[in-house]
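Colleague: Below are the sequence and a predicted model; questions follow.
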Amino acid sequence: QVQLVESGGGLVQAGDSLRLSCAASGRHTFDYYTVGWFRQAPGQERQFVGTITSSGRSTRYADSIKGRFTISRDNANNTSYLQMDSLKPEDTAVYFCAAREGNWMFLVSAIAYNYWGQGIQVTVSS
C-alpha cells in the first residue's frame, strides 16, 4: 500500500509554469509503482494527463497537454513531478497523482489505478 500527497498547486497566470510534486510513502519502495497524473475540472470527468512507468524510462501524455507538460520521478526520494509549462486557463482543475503496483506501460485509465492522492487545485487566470 502507498500513500500519496500532492503539493505545489496554486494560482498562476496564463503562460506561467508550475511544478506539482507527488510524495509517496508506504510499505514498498517507490519504484514498485507506476504513477499516473489526472485532472478534474468542475462538472467534468476525471481526465488522463500522463503516466510514467515504475522505472521512469517511459512516459505517455494526453494530446491536450503534449509538449507542455512533463512527468518525471525521483525514486530515491519517493517523488513524482508534473512540470507544467505554457499554462492555459483550460488547464484549471484539481490535479491528482495515482499509483498502481507494477511496471505498466501507458496506463491511461483512471480505474486502473488503486491509490490516489487527495488532489490539489491549479488555477490559471487569463
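Modeller: Yep, that arrived. Numbering: from 1, shown residues only.
Colleague: contacts, neighbours, all on C-alpha from now
Modeller: Will do.
Colleague: Pull the contacting residues for the residue nearest the centre of the chain.
Modeller: By Cα atoms, centre = their mean, the chain has its centre lying nearest to W37, at 2.6 Å. For W37, the set of contacting residues under the criterion of Cα atoms under 8 Å, 6 or more residues apart in numbering consists of F48, V49, G50, T51, L82, Y95, F96, C97, A98.
Colleague: try it again with 6 Å
Modeller: Contacts here follow Cα atoms under 6 Å, 6 or more residues apart in numbering; on that basis W37 touches V49, G50, F96, C97.
Colleague: Show me which pair in these is furthest apart.
Modeller: The most widely separated members of those, counting by Cα to Cα, are G50 and F96 (10.8 Å).
Colleague: and stretch 107-119, which residues are buried?
Modeller: By 16 or more other Cα atoms under 10 Å, the buried positions in stretch 107-119 come out as L107, V108, A110, Y113, Y115, W116, G117, G119.
Colleague: mind listing the strands for the chain?
Modeller: Listed in chain order, the strands of the chain (DSSP state E) span 2-7, 10-13, 18-26, 33-40, 47-52, 59-61, 69-74, 79-84, 93-101, 115-116, 120-125.
Colleague: partners of the third one, with directions?
Modeller: Which is strand 18-26. Looking at strand 18-26 with DSSP bridges, its partner strands are strand 2-7 (antiparallel), strand 79-84 (antiparallel).
Colleague: Please convert those to a markdown table, extending it with distance to V124, mean neighbour count and mean pLDDT.
Modeller: Converted to a markdown table, these look like this (distance: least, Cα to Cα, whole Å; neighbours: other Cα atoms under 10 Å; pLDDT from 0 to 100):
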| stretch | distance to V124 | mean neighbour count | mean pLDDT |
| --- | --- | --- | --- |
| strand 2-7 | 16 | 20 | 97 |
| strand 79-84 | 11 | 21 | 98 |
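Colleague: residue farthest from the centroid of the protein?
Modeller: For the chain, the C-alpha farthest from the mean C-alpha position belongs to S126; by Cα atoms, centre = their mean, that distance is 22.9 Å.
Colleague: how far away is the spatially closest residue to that residue that is not a sequence neighbour from D85?
Modeller: Counting by Cα to Cα, 6 or more residues apart in numbering, A14 is the residue found nearest to S126 once chain neighbours are left out, at 5.3 Å. With distances defined as Cα to Cα, to the nearest Å, the gap from A14 to D85 amounts to 10 Å.
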